[in-house]
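Chemist: have a look; sequence and predicted model below, questions after that.
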Amino acid sequence: MQGIMESGMASLTRRDFLSVAAAFGLGGWRLLSAPLGWKPSKEPNIVFGVIADTHLRISRAGGYDVQFWPDTYLVAALKHFKEQNVDAVVHCGDMADRGVIDEMQFHANAWNKVFGGRGPVKLFINGNHDVEGGDYGKGFRLEQIWPDPEERAKHLLSSDMAGNWERIWGEKYEPVWHKEVKGYHFFGMNWGAQESELKNLIDGQCGACGLEDGTKPFFFITHDWTHGKFNADMRHYRNAFGLWGHWHQSAANWNTIHLLGESIPSIQCPACYPFFDDGRWLGGGDDGISKVPLEGKLAGGRWRQGLVVRVYDDMLTIERREFSEGGSLGLDWVMPLGKRDPHPFSNDELKKVIGEPQFRKGAKLEVVEEASASPCLRVRIPLADGNPGSRVYAYEVVVIGETGSKKLFKAVYAAGCNMGIGHEPNGGVTTLGIPTSELPPGEALTVAVRPLTSLGTSGRPIITEFKV
């Protein structure tokens, strides 16, 4: 194979055109336009930041590992929250990776570095690592640092969680708690508490706090998702809103918006942890985006993310930020308040507002043959950022042989889809390698690529022909 053919449709035959359309199931390539979003009409009633899973860790020698586990990203998140004049900060747990006192103390040091002795209301819970991290072995165990059990216990948060929490954060530790901020109610559940305790606390405050008015939201914060009985029992609270972490997924993926019990909106909050990851936790909910599994890594594990929630009289908005290199992850999520059917955060309704990512006018595919021990085609895909209202998450690729009888489908994550807009590596160019042995037979190939969102809505494809 040789040469690079320009993208576009001018050189394609009608057979090629129809074959690609059929392969993608485009139905004539008619695109639906996303409806207009909602716009707040005044200043928000309350603003709060949300982070989760910071996982700061001690070194192998004991003591906080500043060199390899800095507080850089936590501080960046807190500074952004301060710039947004937040009234409170939510942390969904897993501060201390090994459950060590020094790890949580370093969080308090970072907080004081940004906010000083004062600051917004702390809406913090702990997670499994804060409580059980001393039992987890990831390359080294705490027994190697403190072989003596009595000495080791002196360093563990769990030896006296209540006392350590009060000393570090200056507030009483309770398995479940309730706080009011600017007339809005927050309920938290620390790791190890039972969901029934959280439900009983909410029920107990229901009358005094007016939680059943159906319009003004209240929030419950857990480390992991809540389960069947809790979700079912909470269904009559149509204004409940959940926040949780634990699974380290990315806020660039709209599948992190859930409806618990088919009625309670709940956000799986992104991780703001300081170490690299290979993306193995980030694929949840992606199975239905494409005909085939998505290939590639997600931004090389460089992302650290958080949220800013703004609540108005008639809606709430969720800003999604990246704190490693900065930038927005896309347009805010918007949820109108009050009784609505279907729910604004149902999958069908979200698909109406996520839009379709588009390639820029004149965007071109580049297809080259790479000769090596394992020859392959390299398909270089330009960033599909032609529609600012919809961010690309992945690309679906179809390769059709000359006869059209055999089609090869591939799908790949968009380069930098979890980084802030404008911070995608290599200008957002995504490269997909296709082994020559997998290609349809024939002397000419038609290669087409269409951009996808994380909910599977798609934009117009760009197409090129590659000659043998």
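Modeler: Ah, there it is. Residues are numbered from 1 along each chain as shown.

Chemist: how close does the closest residue to residue 336 other than its chain neighbours get to residue 341?
Modeler: Leaving out its chain neighbours, the residue that sits closest to residue 336 by Cβ to Cβ, 6 or more residues apart in numbering is residue 315, at 4.9 Å. In this view, the C-beta of every residue, glycine as well, is placed from N, C-alpha and C. Computed with Cβ to Cβ, to the nearest Å, the distance linking residue 315 and residue 341 is 17 Å.

Chemist: these two: which is more packed in?
Modeler: Ranked by neighbour count (other Cβ atoms under 10 Å), residue 315 and residue 341 place residue 315 first, with 20 against 7.

Chemist: domains for this protein, by residue range?
Modeler: The chain breaks down into these structural domains: 14-33+357-467, 46-354 (assignment by automatic domain parsing).

Chemist: so which of these comes closest to residue 39?
Modeler: Of all those, it is domain 46-354 that lies closest to residue 39, at 8.6 Å by Cβ to Cβ.

Chemist: mind checking the end-to-end distance for the closest one?
Modeler: Domain 46-354 has an end-to-end distance of 25 Å (criterion: Cα to Cα, to the nearest Å).

Chemist: before we move on, the earlier item: surely the residue nearest to residue 336 touches residue 44?
Modeler: No: using Cβ atoms under 8 Å, residue 315 makes no contact with residue 44, being 9.6 Å away.

Chemist: OK, contacts around the residue nearest to residue 336?
Modeler: Residues near residue 315 by Cβ atoms under 8 Å, 6 or more residues apart in numbering: 38, 40, 334, 335, 336, 337.

Chemist: and the fifth one, its phi and psi?
Modeler: Right, residue 336. Torsion angles at residue 336 (phi, psi; degrees, to the nearest 10) stand at phi -60, psi 140.

Chemist: that one and residue 317, how far apart?
Modeler: With the distance defined as Cβ to Cβ, residue 336 ends up 10 Å from residue 317.

Chemist: which one's more surrounded, these two?
Modeler: residue 317 (20 against 14).

Chemist: could you look up the SS state of the more buried one?
Modeler: Using DSSP: H, G, I helix; E, B strand; the rest coil, the structure places residue 317 in strand.

Chemist: go on, the one 3 residues further on?
Modeler: Assigned state for residue 320: strand (three-state reduction, three-state DSSP).

Chemist: same question, residue 109
Modeler: With three-state DSSP as the basis, residue 109 sits in helix.

Chemist: surely it meets residue 71?
Modeler: Yes: Residue 109 lies in contact with residue 71 (Cβ under 8 Å); the separation is 7.3 Å.

Chemist: more neighbours: which of the two?
Modeler: residue 71 (20 against 15).

Chemist: what sits closest to that one if chain neighbours are left out?
Modeler: Closest residue to residue 71 apart from its sequence neighbours, by Cβ to Cβ, 6+ apart: residue 110 at 4.3 Å.

Chemist: any idea how far the one you found lies from residue 149?
Modeler: Between residue 110 and residue 149 the distance is 30 Å, computed by Cβ to Cβ.

Chemist: so which of those two has more stuff around it?
Modeler: Neighbour count, other Cβ under 10 Å: between residue 110 and residue 149, residue 110 has more, with 21 against 8.

Chemist: who are the contact partners of the more buried one?
Modeler: Applying Cβ under 8 Å, 6+ apart to residue 110 gives the contacts 71, 74, 75, 78.

Chemist: try residue 74
Modeler: Taking Cβ under 8 Å, 6+ apart, we find residue 74 in contact with 51, 54, 56, 107, 110, 272, 274.

Chemist: would you say it is within a strand?
Modeler: No: the assignment for residue 74 is helix, going by three-state DSSP, so no strand is present there.

Chemist: helices along the stretch 151-300 of the chain, start to end?
Modeler: For the stretch 151-300 of the chain, applying DSSP state H, counting those that start in this stretch gives helices covering 161-169, 195-209, 228-233.

Chemist: which one of these lies nearest to residue 401?
Modeler: Taking Cβ to Cβ, helix 228-233 is the member of those nearest to residue 401, at 48.9 Å.

Chemist: what is that closest one packed up against?
Modeler: Contacting helix 228-233 under the criterion 3 or more Cβ pairs under 8 Å, 6 or more residues apart in numbering; DSSP states H and E are the following elements: helix 195-209.

Chemist: what's the weakest-modelled helix or strand in the protein?
Modeler: Across the helices and strands of the chain, mean pLDDT, DSSP states H and E gives its lowest value to helix 14-24, namely a mean of 70.

Chemist: where does pLDDT dip in the stretch 201-350 of the chain?
Modeler: 274-287, 297-301 (pLDDT under 70).

Chemist: mind doing that once more with 80?
Modeler: Judged by pLDDT under 80, the stretch 201-350 of the chain has its weakly predicted residues at 213-215, 274-288, 296-302, 339.

Chemist: so where do the strands sit in it?
Modeler: Under the criterion DSSP state E, counting those that start in this stretch, strands of the stretch 201-350 of the chain are mapped to 218-221, 240-244, 257-260, 264-268, 305-311, 315-322, 333-336.

Chemist: for residue 452, find the nearest of these.
Modeler: Using Cβ to Cβ and comparing these, the one that lies nearest residue 452 is strand 257-260, at 17.0 Å.

Chemist: could you list the paired strands of that closest one along with their orientation?
Modeler: The sheet places strand 257-260 alongside strand 264-268 (antiparallel), with pairing taken from DSSP bridges.

Chemist: residues making contact with the strand it pairs with?
Modeler: The set of residues that contact strand 264-268 without belonging to it, under Cβ under 8 Å, 6+ apart, is 50, 225-226, 231, 234-235, 237, 240-245, 247, 249, 256-260, 307, 318, 335, 343, 345.
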